[in-house]
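Novice: Sequence below, structure please.
(chains A, B, C and D)
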There are 2 protein chains.
Amino acid sequence: MYPLDYKTLDDNEIEKLIKKMIEISRNKGIKVTTQRILVFKELLKHTKEHPSAEELYERLKYKIYGLSLSTVYRTLTTFEKLGLVRRIPTSDGKAHFEIANKPHGHFICQNCGKVFDIDDIEPSLDSIKILLEEKGFRPQICNVICYGFCHKCN
Amino acid sequence: MYPLDYKTLDDNEIEKLIKKMIEISRNKGIKVTTQRILVFKELLKHTKEHPSAEELYERLKYKIYGLSLSTVYRTLTTFEKLGLVRRIPTSDGKAHFEIANKPHGHFICQNCGKVFDIDDIEPSLDSIKILLEEKGFRPQICNVICYGFCHKCN
DNA sequence: ATTTCTGCAAAATTTTTGCAAGAGG
DNA sequence: CCTCTTGCAAAAATTTTGCAGAAAT
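Specialist: Okay, here's the model as predicted:
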């Protein structure tokens, strides 16, 4: 296991987080559907993979008969607004998505395109946020995206 | 002038940087065309505006008769490969571009969409790069993109 | 019962590409 | 001259939207 691999959640933790998602949705009048549960679960199960909407659709269309790509897009946007999912804009022309867990950075391999988490950068993120606040901005989300070569492609 | 405004280059500095671009292009066998000079100059003149390809095209089509959007895209990709221009992937679905000057971060207003530079974060960027190298990655470019509300929209 | 959500197809947006004509070194 | 670049139109790729039927509360 490489240092930047994201820790995998066990089934227990996944169930707990789904319950939390359901609670948050209900509180906001957002309906809980099979599609939403399974998109969320798929992101939870493969947090470190940062799939695109298309990738999520490809995996889930076998589990949800008749699932459409537009539903996946709408679901991800809904979760993003709820603060449950983060969108990662990248140079490859499509957005990638992840569960909105502890803030961290992303490293994208210029050769194989894989997205890795960069953990342990909270001190850096905090100092950037403080800098922004001092200058009159009100930062909400700070993304760090680095491009380069991963251990395999190096 | 707000603290994050990027310093404007005077005509003298712009001419010097264009000469440098021409030199770098010639060294790599890249031809120097009117289109390329004017796209580069436009970016130099409005470095802090981070225009999209479409915006650059809209501004330059009056200066270059018959200019096409695809040329702007190709030009920007060429400059990116030469290391002269940086692509900034954002959540708004289109790429923005800037002259590849001193590394800095970007702040995007969630309300008005404006892109601001965040200067003085080199220490943070350096520590992230060191962290990545320690973990076996070879980072080339590190982007910091923060979303939130600017002074006007706050 | 009411509101929200989904699937489908169609549209909108952004970016890329093939090719003949044109410009640069 | 030879090669690279441009413009045009067409295509590709990603994301959004309208609407009727289905599902959730």
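
Novice: low-confidence ranges in chain A?
Specialist: Residue ranges of chain A with pLDDT under 70: A:1-7.

Novice: quick one, helices of it?
Specialist: Ranges of helices in chain A, per DSSP state H, are A:11-27, A:34-45, A:53-60, A:69-82, A:122-134.

Novice: count of residues packed around residue A:126?
Specialist: Neighbourhood size, residue A:126 [other CB atoms under 10 Å in any protein chain shown]: 13. For every residue, glycine as well, the C-beta is placed using N, CA and C.

Novice: how close does it sit to DNA strand C?
Specialist: For residue A:126, the distance to DNA strand C (CB to the nearest atom of the strand, to the nearest Å) stands at 31 Å.

Novice: what do you get for residue A:14?
Specialist: Distance from residue A:14 to DNA strand C, counting by CB to the nearest atom of the strand: 19 Å.

Novice: and what of residue A:58?
Specialist: Residue A:58 is 14 Å from DNA strand C, by CB to the nearest atom of the strand.

Novice: circling back to that earlier point, can I get the helices of chain A in CSV including distance to residue B:10?
Specialist: Shown next, in CSV, are these (distance: least, CB to CB, whole Å):
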stretch, distance to residue B:10
helix A:11-27, 53
helix A:34-45, 49
helix A:53-60, 45
helix A:69-82, 42
helix A:122-134, 27
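
Novice: bridging residues for the residue nearest in space to the middle of chain A?
Specialist: By CA atoms, centre = their mean, chain A has its centre lying nearest to residue A:98, at 0.9 Å. Taking DSSP bridges as the rule, residue A:98 bridges to residue A:86.

Novice: Tell me if I'm right that it and residue A:84 touch.
Specialist: No - taking contacts as CB atoms under 8 Å, residue A:98 lies outside contact range of residue A:84: 10.5 Å.

Novice: rewinding a little: out of the helices of chain A, flag the one nearest residue B:44.
Specialist: helix A:122-134 (25.9 Å; CB to CB).

Novice: list the buried ones in the closest one?
Specialist: A:124, A:125, A:128, A:129, A:131, A:132 (16 or more other CB atoms under 10 Å in any protein chain shown).

Novice: Compute the distance between the first one and chain B, please.
Specialist: Here the distance between residue A:124 and chain B works out to 4 Å (CB to the nearest CB, to the nearest Å).

Novice: How about the contacts made by that residue?
Specialist: A:144, B:124, B:127, B:128 (CB atoms under 8 Å, 6 or more residues apart in numbering or on different chains).

Novice: quick one, domains of chain A?
Specialist: Residue ranges for the domains of chain A, per automatic domain parsing: A:11-99, A:105-148.

Novice: Which stretch among the ones you listed is buried most, on average?
Specialist: domain A:105-148 (a mean of 18; mean count of other CB atoms under 10 Å in any protein chain shown).

Novice: so which of the helices of chain A comes closest to residue B:18?
Specialist: Here helix A:122-134 is closest among these (CB to CB), at 32.2 Å.

Novice: any idea how far the closest one is from the chain center?
Specialist: 22 Å (CA atoms, centre = their mean, to the nearest Å).

Novice: swap in stretch A:107-123?
Specialist: With CA atoms, centre = their mean, you get 13 Å for stretch A:107-123.

Novice: May I see the buried residues of helix A:122-134 organised as JSON lines, with distance to residue A:90 added?
Specialist: Below are the buried residues of helix A:122-134 laid out as JSON lines (distance: CB to CB, whole Å):
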{"residue": "A:124", "distance to residue A:90": "20"}
{"residue": "A:125", "distance to residue A:90": "18"}
{"residue": "A:128", "distance to residue A:90": "20"}
{"residue": "A:129", "distance to residue A:90": "22"}
{"residue": "A:131", "distance to residue A:90": "24"}
{"residue": "A:132", "distance to residue A:90": "22"}
